[in-house]
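Colleague: Next comes the sequence, and after it the predicted model I'd like to discuss.
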Amino acid sequence: MFDNDWRKILTVYYGQHFGPIGIWLSFAIISIVGIWWQWGHIKALPGVAQMIEWLEKKPLPEADTESYTIAVAQLGNDDQDVMRGLIVDELRNFGGIAILEIPEAVTADAAESNKQIQDGHNRARDLLKKTGANVMLWGEVIKHDNQTRPRLYWTTSLTTGPHVTGRYEVKDFSFPEVFWNDLKEVLSLVIATQAAEVDRLKGRYIADRLTPFIDRLERLVSEPRWNETELAKLQLILANSYSTIGEQAGRSEHLERAVVLFRKVMSIYIREQAPLDWAATQNNLGNALRILGERESGTVRLEEAIRVYESTLEVLREARANYYIVQTENNLIGVRKLLTARQIK
């Protein structure tokens, strides 16, 4: 640190020119320069490193509420953030999602002990909660014999559930198909869980909660990477949401969209191959047609709903699905009463 002669010189100089304020100013300069001079020693003091880390910590970004958001944490052993940059660029090619770069690292070392991995998932889930993102990618870069590949972990915002891990071979700056399959798997899990939560609230007014869910899902189903079966599952969830909001908020245009999507899904859920899936979709189609028929003056929709319920009952009786048989029979009785009343008028 400065010797006593320098301290005296600064104190006298600033005291003569600026009075008492100058003396305090000289003390401040001496303190600042002294800290700089002994910074290596000061950083090693207990608690100082943690304080510096806290002061330098960047604020967390917030997720885009209009899209499903994939957060990407800093990766371990990733020189100059190169691999993460590549991952982010690749994810931007997947339609309907938003990307969030987290200014913190979440890693598990090469030993991959169960505790370290679970701690990583817990840390990732905590960051997901703080940012509002739906899925986080984290991990480290593996380097061996001039080969480099990321070992990535996928964590969802769900409190429990399976996690996906992958070591992806990157060629020509592109990720393999398995990477995209893993992305679709975790997104489908998030969407199905959200849909189940909404389904549990049936009987209450939930149209306001469904609107943002529908908006996000509409963006996602436009992505061409979904195969036919994957897309059918998403479309069925979307159709059910259309039907609910159409019924509760009086939006017949949403019921019309539901009818179109239910029919698309039924072209994939073949009756002979997946009879119960087909019957459930058919029953939901009948419900949408019935509600539209109630709002219209004619009888075409009601008559179509009756045919749909009747064909649904055929399959349910073959499968001896008694609980669903009772539900569909009640639906059929109700729509027949409506049709009879409409015809009498």
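Modeller: Thanks, I have it.
Colleague: ok, for I270, nearest residue in space, not its chain neighbours?
Modeller: Among residues not flanking I270 along the chain, W278 sits closest, at 6.9 Å (CB to CB, 6 or more residues apart in numbering). The way it works is simple: take the backbone N, C-alpha and C, and place the C-beta from them, glycine included.
Colleague: can I assume the one you found is in contact with I268?
Modeller: No: with contact defined as CB atoms under 8 Å, W278 does not reach I268; the gap is 9.5 Å.
Colleague: The residue nearest to I270: what secondary structure?
Modeller: Secondary structure, DSSP: H, G, I helix; E, B strand; the rest coil: W278 is helix.
Colleague: okay, now it: neighbour count?
Modeller: 20 (other CB atoms under 10 Å).
Colleague: same check, this time on E177
Modeller: Using other CB under 10 Å, E177 has 8 other residues around it.
Colleague: Start the count at 46 instead of 1 going forward.
Modeller: Taking 46 as the first residue, the last one we looked at is E222.
Colleague: And the pLDDT for it?
Modeller: pLDDT for E222: 93.
Colleague: Which pLDDT value belongs to the residue nearest to I315?
Modeller: Looking at W323, its pLDDT is 91.
Colleague: Now do the contacts for it.
Modeller: Neighbour list for W323: M311, Y314, I315, R316, V360 [criterion: CB atoms under 8 Å, 6 or more residues apart in numbering].
Colleague: The first one against N328, yeah?
Modeller: The one in question is M311. No: look at M311 against N328 with CB under 8 Å: they stay out of range, at 11.0 Å.
Colleague: Might you report the residue contacts of the residue most central in space within the chain?
Modeller: Of all residues in the chain, the one closest to the mean position by CA atoms, centre = their mean is N179, 2.5 Å from it. Taking CB under 8 Å, 6+ apart, we find N179 in contact with A108, Y113, T114, I115, L173, T201, S202, L232, V235.
Colleague: residues contacting the last one?
Modeller: Contact analysis of V235 by CB under 8 Å, 6+ apart lists Y113, N179, V180, T201, S202, L203.
Colleague: where does the third one land on pLDDT?
Modeller: What it means is V180. At V180, the predicted lDDT confidence score is 95.
Colleague: same check, this time on K229
Modeller: pLDDT for K229: 95.
Colleague: And for G206?
Modeller: According to the prediction, G206 has pLDDT 62.
Colleague: same deal with I313?
Modeller: So, for I313, pLDDT stands at 87.
Colleague: Nearest spatial neighbour of L136, chain-adjacent residues omitted?
Modeller: Using CB to CB, 6+ apart and skipping the chain neighbours, the partner closest in space to L136 is I144 (5.2 Å).
Colleague: let me redo that: L306
Modeller: Take L306 and drop its neighbours on the chain: the residue closest to it by CB to CB, 6+ apart is A284, 3.6 Å away.
Colleague: From N332, how far off is the one you found?
Modeller: 11 Å (CB to CB, to the nearest Å).
Colleague: what stretches of the stretch 96-245 of the chain score poorly on pLDDT?
Modeller: Scanning the stretch 96-245 of the chain for pLDDT under 70 picks out 96-103, 154-157, 205-207.
Colleague: Secondary structure class of the residue nearest to L136, three-state.
Modeller: Of the three states, I144 takes strand according to three-state DSSP.
Colleague: One more: G130?
Modeller: Look at G130: counting by three-state DSSP, its state is helix.
Colleague: For burial, what's the neighbour tally of it?
Modeller: Residues lying near G130 (other CB under 10 Å) number 13.
Colleague: go on, the one 5 residues further on?
Modeller: Taking other CB under 10 Å as the criterion, the count of residues near E135 is 18.
Colleague: Now the closest residue to D244 other than its chain neighbours: which helix or strand?
Modeller: Closest residue to D244 apart from its sequence neighbours, by CB to CB, 6+ apart: N285 at 7.8 Å. According to DSSP states H and E, N285 maps onto helix 273-293.
Colleague: just E107 next, same as before
Modeller: E107 belongs to no helix or strand when assigned by DSSP H and E.
Colleague: ranges for the strands of this structure?
Modeller: Along the chain, counting by DSSP state E, strands occupy 113-119, 142-150, 180-189, 192-201, 209-212.
Colleague: Please identify the most buried of these.
Modeller: Mean neighbour counts were taken over those using mean count of other CB atoms under 10 Å, and the top value, a mean of 22, falls to strand 113-119.
Colleague: Adjacent strands (with direction) for that one?
Modeller: Sheet pairing of strand 113-119 (DSSP bridges) gives strand 142-150 (parallel), strand 180-189 (parallel).
Colleague: For the stretch 196-345 of the chain, which segments are assigned as helices?
Modeller: 222-244, 252-266, 273-293, 297-311, 320-340, 345-364 (DSSP state H, counting those that start in this stretch).
Colleague: possible to save these as CSV with distance to A386?
Modeller: Below are those laid out as CSV (distance: least, CB to CB, whole Å):
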stretch, distance to A386
helix 222-244, 31
helix 252-266, 27
helix 273-293, 20
helix 297-311, 20
helix 320-340, 11
helix 345-364, 10
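Colleague: Show me the one of those helices that comes nearest K382.
Modeller: Nearest of the helices of the stretch 196-345 of the chain to K382, taken as CB to CB: helix 345-364 at 10.0 Å.
Colleague: any idea of the angle the closest one forms with helix 297-311?
Modeller: Between helix 345-364 and helix 297-311, the angle comes out at 40 degrees (axes from the mean of the first three to the mean of the last three CA atoms, to 10 degrees).
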